[in-house]
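Peer 1: Predicted model follows, preceded by the sequence.
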Amino acid sequence: MNHTRPAPSTADATYAQRLEAAFAQLRDLLADRASAGESVRAIHGRDESWHAPRMPDAVVFPRSTAEVSAIARICHAHRIPMIPFGAGSSVEGALIPTHGGVVIDTSQMDKLLSLNPGNFDCVVQPGLLRRALNELIRDTGLFFSVDPGADASIGGMTSTRASGTNTVRYGTMADAVRGLEVVLADGRVIRTGSRARKSSAGYDLTHLFVGAEGTLGIVTEITLRLYPRPEHIISATCEFPDAGAAVDTAVAVIQSGLGVARLEFLDEVMISAVNQYSRLELPCAPHLFFEFHGSPSQTSEISELVKAIAEDNGGTAFACATQAEERDRLWRARHDCAYACMAYERPKRMMTTDVCVPLTELADCMRAAREDARQAGITAPILGHVGDGNFHMVLLIDPDDAEQVQRAEDVNRRLVERAIACGGTCTGEHGVGLGKREYLRIEHGEALEVMRSIKTALDPYGLMNPGKVLPEPLPVAAPQA
Ligand SMILES: Cc1cc2nc3c(=O)[nH]c(=O)nc-3n(C[C@H](O)[C@H](O)[C@H](O)COP(=O)(O)OP(=O)(O)OC[C@H]3O[C@@H](n4cnc5c(N)ncnc54)[C@H](O)[C@@H]3O)c2cc1C
């Protein structure tokens, strides 16, 4: 499956001349931090998705906002596409340079710029990885809460509006980002938001760029909200006779308002995959994984109440852990999921899909998806941040088997349409990238035209990560003669 449109780029002499001129200026600016080497371009032409890779024309490694601004001015003048790049862990093809152009790799912009424990915030450059940030602030007693599993960059997480296992308690990147510095397509630098906890001052530009997947500008600084480390943590797992019983338990736990910090679901196929990958011996049954944060008495009280709810729904083998090592052991299966899926039916690839629905619709939506995949004859382990109504189905496919890919795409499409029809969304956290563009019109209707107007206003030549997010994207414009 190849989503690459014939690029107006490499075959086009005019584009080639513009690119040559732009690259000469980028070399003047950055010396060997501007590269057109094949291996560097190959690394920056793919992400962790199943979408076909495509090499960019060049890759640059800026170290400051001023350099990003200068890069944007050069690319803007020569009408060369720009694709911001964080850690490359996108799973919807958001990074693939389908129109060629220059990849702006932010990995050398990885500084913690300021840390303000009294205000529970910090300011970081976009290339800082989330685990490194947590290491840097460890001694303050604070932590950065958003945990998408992969060791993603803060800029990439901001731009995909990432979330993960902690979201049910601490929120998504939309909640974590208080303000931004952004370089626009023409090189202008703007600031959005502030370090204040709230503001009524004008349009909320911060949240326009959060989740924009690099299509509106390049994020160069992020002000992040931090949380105090919990005094005490209890982790727990519980197995269930069927997926419905597990999901009903998750919904009941959320509706009871007990305030869990993590609430994750793995179906029996996913458990089988992690058993095989991590040499575990978990019973091949649907499981819920929990985490409770608070004082020792609060967490043990919540744990007892959750255990009772689980047992009411047929849950068994409720196992708790308080020591860090024990907790890690319990969570190993959850954290190994992606790699376990990759290994389960090797050399098949993962077509990962991600929907989010109202909690009350979760059980029906997941049941229908499982049945659909079964009828299509596709192995499709499921895991979910079910406390948020969010789940991922990992369709294992042979990319060279067009008929199987088509069946998997049909399962994905029906899942997404069901999710939207019941009041949900085509992506809870992975973003639109290439894979979910076609669903935006169904989900947003006329509001999609408003999004297109915003894109046109901020990036009239369609240079910022072209071909992503919006269906029927703007053509990439050449400069006037
Ligand atoms: C094993 C695994 C597990 C995952 N689990 C989760 C999960 O639980 N939850 C979740 O949300 N995601 C998950 N993901 C997906 C991925 O980790 C997230 O989408 C993450 O936010 C991407 O961050 P990144 O730094 O890798 O960004 P990249 O993949 O490099 O980029 C992602 C997008 O952001 C844009 N971008 C990057 N940096 C900037 C910038 N500075 N300015 C503007 N745009 C920028 C890019 O152009 C691209 O469109 C998972 C991925 C893997 C491989």
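Peer 2: Arrived safely, thanks for sending.
Peer 1: Which residues of the protein lie near the ligand?
Peer 2: 47-48, 83-91, 94-95, 106, 126, 148-150, 152-153, 155-157, 159-160, 162-164, 213-214, 218-219, 338, 429-431, 465 (CB under 6 Å from any ligand atom). In short, each C-beta sits where N, CA and C put it, glycine included.
Peer 1: Now list the buried members of those.
Peer 2: 47-48, 83-91, 94-95, 106, 126, 148, 150, 152-153, 155-157, 159-160, 162-164, 213-214, 218-219, 338, 429-431, 465 (16 or more other CB atoms under 10 Å).
Peer 1: Now for Gly193: which residues touch it?
Peer 2: If you count contacts by CB atoms under 8 Å, 6 or more residues apart in numbering, Gly193 has them with Val177, Arg178, Gly179, Leu180, Ser199, Leu205, Thr206, Thr223.
Peer 1: Against the ligand, how distant is it?
Peer 2: Using CB to the nearest ligand atom, to the nearest Å, Gly193 is found at 15 Å from the ligand.
Peer 1: The closest residue to that residue other than its chain neighbours: what secondary structure?
Peer 2: The shortest distance from Gly193 to any residue other than its chain neighbours is 3.0 Å, reached at Gly179 (CB to CB, 6 or more residues apart in numbering). Recorded secondary structure, Gly179: strand (DSSP: H, G, I helix; E, B strand; the rest coil).
Peer 1: Also Leu113?
Peer 2: strand.
Peer 1: Counting neighbours, what do you get for it?
Peer 2: Other residues within reach of Leu113, judged by other CB atoms under 10 Å, total 14.
Peer 1: Next one, pLDDT for it please.
Peer 2: Looking at Leu113, its pLDDT stands at 98.
Peer 1: Grab the nearest non-local neighbour of it.
Peer 2: Val123 (4.4 Å).
Peer 1: just Thr172 next, same as before
Peer 2: In space, Thr172 is closest to Ser163, 3.8 Å off (CB to CB, 6+ apart).
Peer 1: ok so the one you found is a strand residue?
Peer 2: No. Ser163: not assigned to a strand; according to three-state DSSP it is coil.
Peer 1: residues touching Gly387, list them.
Peer 2: Thr167, Val168, Ala250, Val253, Ile254, Val260, Arg262, Leu263, Glu264.
Peer 1: Let me see the contact set for the first one.
Peer 2: Thr167 makes contact with Val146, His385, Gly387, Asp388, Asn390, Glu429 under the criterion CB under 8 Å, 6+ apart.
Peer 1: coming back round to it: among the residues of the chain next to the ligand, which lie within strands?
Peer 2: Members of the residues of the chain next to the ligand lying in strands (criterion: DSSP state E): Ile83, Pro84, Phe85, Ile218, Val219.
Peer 1: Just give the closest residue to whatever residue of the stretch 101-250 of the chain ends up closest to the ligand, not the sequence neighbours.
Peer 2: Closest approach between the stretch 101-250 of the chain and the ligand, counting by CB to the nearest ligand atom: Gly156, at 2.1 Å. Spatial nearest neighbour of Gly156, excluding adjacent residues (CB to CB, 6+ apart): Gly86 at 2.7 Å.
Peer 1: what about the closest residue to Thr106 other than its chain neighbours, neighbour count?
Peer 2: Distance criterion CB to CB, 6+ apart; nearest residue to Thr106, sequence neighbours excluded, is Gly127 at 3.8 Å. Neighbour count for Gly127, taken as other CB under 10 Å: 24.
Peer 1: residue boundaries of the strands in the stretch 151-300 of the chain?
Peer 2: Applying DSSP state E, counting those that start in this stretch to the stretch 151-300 of the chain gives strands spanning 177-183, 189-193, 218-225, 227-228, 232-239, 262-266, 287-294.
Peer 1: As TSV, the ones you listed with distance to Ile454 would be great.
Peer 2: Formatted as TSV, those follow (distance: least, CB to CB, whole Å):
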stretch	distance to Ile454
strand 177-183	13
strand 189-193	14
strand 218-225	16
strand 227-228	31
strand 232-239	41
strand 262-266	35
strand 287-294	38
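Peer 1: Columns mean pLDDT on top of the ones you listed, output as a markdown table?
Peer 2: Putting the strands of the stretch 151-300 of the chain into a markdown table (pLDDT from 0 to 100) gives the following:
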| stretch | mean pLDDT |
| --- | --- |
| strand 177-183 | 98 |
| strand 189-193 | 98 |
| strand 218-225 | 98 |
| strand 227-228 | 97 |
| strand 232-239 | 95 |
| strand 262-266 | 96 |
| strand 287-294 | 96 |
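Peer 1: give me the low-pLDDT residue ranges for the chain?
Peer 2: The model of the chain has pLDDT under 70 over residues 1-13, 473-475, 480-481.
Peer 1: Try it again at 80.
Peer 2: Judged by pLDDT under 80, the chain has its weakly predicted residues at 1-13, 329-330, 332-333, 472-481.
Peer 1: can you pull the buried residues of the longest helix along it?
Peer 2: Longest helix in the chain by number of residues (criterion: DSSP state H): helix 402-421. Within helix 402-421, the residues that count as buried by 16+ other CB under 10 Å are Gln404, Val405, Arg407, Ala408, Glu409, Val411, Asn412, Leu415, Val416, Arg418, Ala419, Ile420.
Peer 1: Extract the C-alpha trace of it and format it as PDB.
Peer 2: Extracted C-alpha coordinates of helix 402-421, given in PDB (Å, rounded to 0.1, in the frame of the first residue of the first chain):
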ATOM      1  CA  ALA A 402      -2.800  -7.000  -1.200                       C
ATOM      2  CA  GLU A 403      -6.000  -9.000  -0.600                       C
ATOM      3  CA  GLN A 404      -5.200  -9.400   3.100                       C
ATOM      4  CA  VAL A 405      -4.200  -5.700   3.400                       C
ATOM      5  CA  GLN A 406      -7.600  -4.800   1.900                       C
ATOM      6  CA  ARG A 407      -9.400  -7.000   4.400                       C
ATOM      7  CA  ALA A 408      -7.500  -5.400   7.300                       C
ATOM      8  CA  GLU A 409      -8.200  -1.900   5.900                       C
ATOM      9  CA  ASP A 410     -11.900  -2.800   5.700                       C
ATOM     10  CA  VAL A 411     -11.900  -3.900   9.400                       C
ATOM     11  CA  ASN A 412     -10.100  -0.700  10.300                       C
ATOM     12  CA  ARG A 413     -12.600   1.400   8.300                       C
ATOM     13  CA  ARG A 414     -15.700  -0.300   9.900                       C
ATOM     14  CA  LEU A 415     -14.200   0.100  13.400                       C
ATOM     15  CA  VAL A 416     -13.500   3.800  12.800                       C
ATOM     16  CA  GLU A 417     -17.000   4.400  11.300                       C
ATOM     17  CA  ARG A 418     -18.600   2.600  14.300                       C
ATOM     18  CA  ALA A 419     -16.500   4.700  16.700                       C
ATOM     19  CA  ILE A 420     -17.600   8.000  15.100                       C
ATOM     20  CA  ALA A 421     -21.200   6.900  14.800                       C
END
